[in-house]
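Engineer: I would like to see how this sequence folds:
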Amino acid sequence: MVFKEALRPETSWNGNVNFVKKIVAGGTFIGLDAAAFYTYFTNKIIPDYDTDSNKIIYANLDGYAVSRGISLNIDIVFSNGLKVLAGATAMDVYHTEEGKKIRQMFAEKFTGVWNIGYTFNDIV
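Structural biologist: Now for the predicted structure:
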């Protein structure tokens with residue numbers, strides 16, 4: 001690891017809006033969770049993996065960076081013990097330097113998760 005300069009602390013401003021709704025329909029429970037987020041960074045510390053393949057070079061960004069996105073999750077619990085969970089997140093993560101927008105490495109544009117479970121009744 002190489003530090004190209006004396007690193008300054010990162011600064012960020014963040015905004016987040018959430019919506020949560022719980023619905024009970026008969027013996028079924030439905031939960032909805034939606035969120036939108038935005039973060040603006042200055043002095044972001046950016047790793048350079050390309051200049052030298054044997055080194056990671058760190059420096060403060062001469063520009064700004066943004067992380068923004070939306071997510072939606074739903075979980076459904078049925079009275080018979082079946083539970084279904086699904087979620088998705090879309091993100092736009094980038095930094096600008098010298099007027100160019102550069103996507104952040106290792107930050108996926110879209111991710112999704114799901115899970116199906118079942119709770120067995122006690123057998124005695």
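
Engineer: Could you tell me how many residues sit around the closest residue to residue 58 other than its chain neighbours?
Structural biologist: Spatial nearest neighbour of residue 58, chain neighbours left out: residue 3 (5.2 Å); criterion: CB to CB, 6 or more residues apart in numbering. Heads up, the C-betas are built off the backbone N, CA and C, glycines and all. Using other CB atoms under 10 Å, the number of residues around residue 3 comes to 11.

Engineer: Please name the residues that touch residue 3.
Structural biologist: Contact partners of residue 3, counting by CB atoms under 8 Å, 6 or more residues apart in numbering, are 57-59.

Engineer: Go through the residues you listed and flag which are in strands.
Structural biologist: Among those, DSSP state E puts 57-59 in strands.

Engineer: List the contacts of residue 72.
Structural biologist: Applying CB under 8 Å, 6+ apart to residue 72 gives the contacts 32-34, 87-88.

Engineer: mind checking which helix or strand residue 22 is in?
Structural biologist: Per DSSP states H and E, residue 22 falls inside strand 11-25.

Engineer: So what's the gap between that strand and the chain middle?
Structural biologist: Relative to its chain's centre, strand 11-25 lies at 13 Å (CA atoms, centre = their mean, to the nearest Å).

Engineer: what does stretch 70-78 give?
Structural biologist: Using CA atoms, centre = their mean, the offset of stretch 70-78 from its chain centre is 16 Å.

Engineer: so for it, what's the average pLDDT?
Structural biologist: Average pLDDT, stretch 70-78: 97.

Engineer: One more: stretch 111-122?
Structural biologist: 91.

Engineer: List the contacts of it.
Structural biologist: 81-89, 91.

Engineer: that older thread, what helices or strands is the strand holding residue 22 leaning on?
Structural biologist: On a contact count with 3 or more CB pairs under 8 Å, 6 or more residues apart in numbering; DSSP states H and E, strand 11-25 meets strand 28-42.
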